[in-house]
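K.L.:
quick one: sequence plus predicted model below, questions after.
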Amino acid sequence: MGKKFNQAAKLVDRPMYSLSDAMPLVKKAAFAKFDETVEIAMRLGVDPKHADQMVRGTVLLPHGLGKTVRVIVIASGDKVREGRDAGADEVGGDDLVQKILGGWLEFDAVIATPDTMKSVGRLGKVLGPRGLMPNPKTGTVTMEVAKAVREVKAGKVEYRVDKTGIIHCPVGKVSFEAGKLAENAHALIASVVKAKPATAKGQYVRSVVVSSTMGPGIPIDPATVEAA
């Protein structure tokens, strides 16, 4: 990997790029034998230790993520059928909670109705560390089950600043057209910029880097994205 990575890194020959220039380079610099994921890393001028500077949200990427997202719904009553009709991969109530507690984790997103949250709360230690715990702020605790399932299937992604002030979020695959990757990245960045906490002081977007799973990081000019 060292030699291939070094060759790829040589392609990054400018201190900063625009998103539209960076995406063709991401594709060119990707050298793995699989379809690598393209990810954006944004360093923000916030202190996540303070609750009022926590940046999190969701964004519907215009071109999706290029993968089949496995969605489960934990619900009761009519909402069970609604989830199934909307295309959820697995739907249930306490039985599904027990299945997850038993070690089953073959899913990428969890949607729950508010009335099941007492039961879902038992999954905190399992789902929390994986970023899968349903949350009203991200639209994954809702009575609008069908809408939530369709949005997640269509490419709705969740982002959250980590304890070091960085957001990592996928925006597609290397096999995507460069223009579609750039549009997905713009949608993500615009959402993060819109989510700027009122208490954040100074420069909000400190740095932006785009990379593929194995490829080198390509720095994006923050001035071009703050206006995205």
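P.N.:
That came through fine.
K.L.:
every contact and neighbour count from this point should use C-alpha atoms.
P.N.:
Will do.
K.L.:
any idea how far the nearest residue to residue 71 once chain neighbours are set aside lies from residue 149?
P.N.:
Nearest in space to residue 71, with sequence neighbours left out and distances taken as CA to CA, 6 or more residues apart in numbering, is residue 109 at 4.9 Å. Distance of residue 109 to residue 149, computed by CA to CA, to the nearest Å: 9 Å.
K.L.:
repeat that for residue 183.
P.N.:
Relative to residue 149, and taking CA to CA, residue 183 is found at 23 Å.
K.L.:
who has more neighbours, those two?
P.N.:
Under the neighbour definition other CA atoms under 10 Å, residue 183 and residue 149 were set side by side, and residue 149 has more, 28 against 17.
K.L.:
which element is the more buried one on?
P.N.:
If you go by DSSP states H and E, residue 149 is part of helix 145-154.
K.L.:
name the helices or strands packed onto that helix?
P.N.:
If you count contacts as 3 or more CA pairs under 8 Å, 6 or more residues apart in numbering; DSSP states H and E, helix 145-154 packs onto strand 71-74, helix 78-85, strand 109-112.
K.L.:
can I get those in JSON lines with mean neighbour count and mean pLDDT?
P.N.:
Shown next, in JSON lines, are these (neighbours: other CA atoms under 10 Å; pLDDT from 0 to 100):
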{"stretch": "strand 71-74", "mean neighbour count": "25", "mean pLDDT": "96"}
{"stretch": "helix 78-85", "mean neighbour count": "18", "mean pLDDT": "94"}
{"stretch": "strand 109-112", "mean neighbour count": "26", "mean pLDDT": "95"}
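K.L.:
so which of the ones you listed is nearest residue 44?
P.N.:
strand 109-112 (25.6 Å; CA to CA).
K.L.:
can you pull the buried residues of the very next helix or strand once past that closest one?
P.N.:
On the C-terminal side of strand 109-112, the closest following helix or strand by DSSP H and E is helix 117-120. Buried residues in helix 117-120, counted by 16 or more other CA atoms under 10 Å: 117, 120.
K.L.:
and the strands in the protein?
P.N.:
In the chain, the strands defined using DSSP state E lie at 37-44, 56-60, 71-74, 90-92, 109-112, 156-160, 166-173, 205-212, 218-220.
K.L.:
rebuild the ones you listed as JSON lines, extending it with distance to residue 194.
P.N.:
Converted to JSON lines, these look like this (distance: least, CA to CA, whole Å):
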{"stretch": "strand 37-44", "distance to residue 194": "13"}
{"stretch": "strand 56-60", "distance to residue 194": "10"}
{"stretch": "strand 71-74", "distance to residue 194": "27"}
{"stretch": "strand 90-92", "distance to residue 194": "33"}
{"stretch": "strand 109-112", "distance to residue 194": "24"}
{"stretch": "strand 156-160", "distance to residue 194": "13"}
{"stretch": "strand 166-173", "distance to residue 194": "14"}
{"stretch": "strand 205-212", "distance to residue 194": "11"}
{"stretch": "strand 218-220", "distance to residue 194": "19"}
